[in-house]
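**Student:** how would this look folded up:
(one chain, ligands or ions: 1)
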Amino acid sequence: MRISIVGCGYVGLVTGGCLAAVGHQVNCADSDAERVRALVAGHIPIYEPHLEEVISRARSDKRIEFTGNLAAAVESAEAIFICVGTPPLENGEADLSAIDAVARVIATEARGPKLVIEKSTVPVRTGEQLRRALEVYGRTSGAKFQVVSNPEFLREGSSVCDFLHPDRIVVGVDEPAAAEKMREIYRSILERKFQCPVHNGACPPGAPPQFVVTTINSSELIKHASNSFLALKISYANQLADLCERLGADVEEVTRAMGLDPRIGPQFLRAGIGFGGFCFPKDIQAFYRLAERAGMDFMLLKEAERINKSRIDQFVEKARRALWVLKGKQVSVLGLSFKPNTDDIRFAPALEIVRRLLAEGAMVHAYDPQGMKKTQAEFPTVKYCENAYDAVSGADAVLLLTEWPEFRELDWARVHGMMVRPLVLDGRNLLDPGKMRGLGFEYHCIGRPD
Ligand code: UGA
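**Tutor:** Predicted structure coming up:
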């Protein structure tokens, strides 16, 4: 099928690259001319495992193109995925102006019937507004539009794999024919019949994805409800960690055993310095704002958000307690991105911690495998190091803030010898407390007995 993607951000590129990889003809459009120039020149502006190979293979198979000409992209496609950003407004609600602008282009440029798919994360009832906007803006063109909601559940750092091997594909429609078109788009993924660019023919076994057809309103709600529930789970684990600290229990042992109950499940119970990224913090807020507008106080979500914000205060307080005075101390930060395997630093807990350390007069040395370039502009006074060993050299304390696997593999005995004071605060429970203390470190972590 001929598919256009509008918006070449992270979701647009993964969607476009993967749909091309499973055999569609994809045209990716963006109004940012510089971004398009970079993409046409073969430069992928984000770090996302496998994305570069997927797009470069699609490009050599002539299955993907990039353009700044939105009108042409709309006209040439049967199906248009809207993947533009919906950043938070000051009041926490989602800014839908980019979606409105795209609706205008689609409505005025379409000459034939189009399937218009909202992939961007949007509040419930956006589909209704989108349908209305398409009708109003396109009243003279006579083109027919079918609106579909198709939320994404991609995790940064594993999104290519998530797209090609999803557990569910949710489509919100208001006519069965639209659901059939969506099934056609995803057929090879649903039937697991494609040459997988990630696993090269050796995909891990698993049940085929569920194809879930709902109303548009339900589909939109499923996205916010899922993200908010995962965020709740993390805040629960974090409060549990605080209780474990007070009672001398180990949160890792507790959550491991809890997670064995299939009704609870093991995922998203990792305690630490809290959730960050461009999704959970903004989605949880957008969701309770939406509830407020509907006349309901979704207190549970507000509490999850409050707990999450307090993680930073608590962790900085831990550092203060261990170091006594922060001013003038060299604090080495390992990890800046909001999670491993991404260069995304948006709403990263690590950044807020760095901000507090600098405000208190600490000298921050930092290393992150991918996140430093984006951090430099925001924190020019931080010393950015070539590798983790450079960063920890001469440190009064090491703060481990993102659980990149390479930090676990460091030669910690060597690190011990390089620090002025062998103090490690592990904000992600990445390291083995027994091993660290055995090496002579003063080691503090989250929810595990000191
Ligand atoms: C999240 C969802 O997991 C995706 O399903 C969704 O598609 C995406 O948002 C989105 O809305 O686009 P993502 O933000 O990439 O994906 O990252 P997650 O893996 O969910 O992690 C979010 C944050 O929670 C990170 O800061 C991570 O460190 C933290 N986290 C995660 C914990 O603190 N503990 C955990 O147990 C799990």
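
**Student:** how close does Leu39 get to Ala362?
**Tutor:** 40 Å (Cβ to Cβ, to the nearest Å). For the C-beta atoms, the positions are set from N, CA and C on the backbone; glycine is no exception.

**Student:** let me fix that: Lys329
**Tutor:** Taken as Cβ to Cβ, the span from Lys329 to Ala362 is 5 Å.

**Student:** neighbour-wise, which of the two wins?
**Tutor:** Per other Cβ atoms under 10 Å, whichever of Lys329 and Ala362 has more neighbours is Ala362, with 24 against 21.

**Student:** okay, the more buried one: pLDDT?
**Tutor:** Here the pLDDT value assigned to Ala362 is 97.

**Student:** assign a three-state SS to the residue sitting furthest away from the middle of the chain, would you?
**Tutor:** Distance from the C-alpha centroid of the chain, by Cα atoms, centre = their mean, peaks at Thr140 (39.5 Å). Three-state call for Thr140 (DSSP: H, G, I helix; E, B strand; the rest coil): coil.

**Student:** tell me how far it lies from Glu65.
**Tutor:** In terms of Cβ to Cβ, Thr140 sits 29 Å off from Glu65.

**Student:** next, give phi and psi for Gly172.
**Tutor:** Dihedral pair for Gly172: phi -100, psi 120, per degrees, to the nearest 10.

**Student:** for it, what are its contacts?
**Tutor:** Applying Cβ atoms under 8 Å, 6 or more residues apart in numbering, we find Gly172 in contact with 127, 148-150, 213-220.

**Student:** ramachandran angles for the residue lying closest to it once chain neighbours are set aside?
**Tutor:** Excluding the flanking residues, the one nearest Gly172 by Cβ to Cβ, 6 or more residues apart in numbering is Ser219, at 2.5 Å. Backbone torsions for Ser219, taken as degrees, to the nearest 10, come to phi -60, psi -40.

**Student:** leaving out the residues flanking it, which one is nearest to the residue of the stretch 51-200 of the chain found nearest the ligand?
**Tutor:** At 3.5 Å from the ligand, Glu156 is the closest residue in the stretch 51-200 of the chain, using Cβ to the nearest ligand atom. Once flanking residues are discounted, Glu156 sits nearest to Thr342: 4.4 Å by Cβ to Cβ, 6+ apart.

**Student:** what do you get for Gln267?
**Tutor:** Excluding the flanking residues, the one nearest Gln267 by Cβ to Cβ, 6+ apart is Gly259, at 7.4 Å.

**Student:** now do the same contact list for Tyr236.
**Tutor:** 269, 304.

**Student:** and it, how far from Ile264?
**Tutor:** 10 Å.

**Student:** residues of stretch 33-53 that come out buried?
**Tutor:** By 16 or more other Cβ atoms under 10 Å, the buried positions in stretch 33-53 come out as 35-36, 39, 44, 46-52.

**Student:** which single one of the residues you listed is nearest to the ligand?
**Tutor:** The ligand lies nearest to Glu48 out of the buried residues of stretch 33-53, by Cβ to the nearest ligand atom, at 10.1 Å.

**Student:** wouldn't the closest one be in contact with Gly157 here?
**Tutor:** Yes: using Cβ atoms under 8 Å, Glu48 is in contact with Gly157, at 7.2 Å.

**Student:** that older thread, who wins on neighbours among the contacts of Gly172?
**Tutor:** That'd be Ser149 among those, by other Cβ under 10 Å, with 28 neighbours.

**Student:** just the endpoints, please. Distance across stretch 190-205?
**Tutor:** 14 Å (Cα to Cα, to the nearest Å).

**Student:** how about that stretch: buried residues?
**Tutor:** By neighbour count on 16+ other Cβ under 10 Å, the buried set for stretch 190-205 is 190, 196-198.

**Student:** give the rounded mean pLDDT of that stretch.
**Tutor:** 87.

**Student:** which residues touch the strand or helix carrying Lys309?
**Tutor:** Using DSSP states H and E, Lys309 sits within helix 299-323. The contact list for helix 299-323 (Cβ under 8 Å, 6+ apart) reads 228, 231-232, 234-236, 238-239, 242, 272-275, 281, 284-285, 287-288, 291, 326, 329, 331, 349, 352-353, 356-357, 360, 396-397, 399, 423, 425, 427, 442, 444.

**Student:** which residues sit in contact with the nearest residue to Val36 once chain neighbours are set aside?
**Tutor:** Nearest residue to Val36, sequence neighbours excluded (Cβ to Cβ, 6+ apart): Gly68, at 4.4 Å. Each residue near Gly68 by Cβ under 8 Å, 6+ apart is listed here: 29-33, 36.

**Student:** try it again with 7 Å
**Tutor:** 30-31, 33, 36 (Cβ atoms under 7 Å, 6 or more residues apart in numbering).

**Student:** next, work out how far apart it and Thr15 are.
**Tutor:** Taking Cβ to Cβ as the measure, Gly68 falls 18 Å from Thr15.
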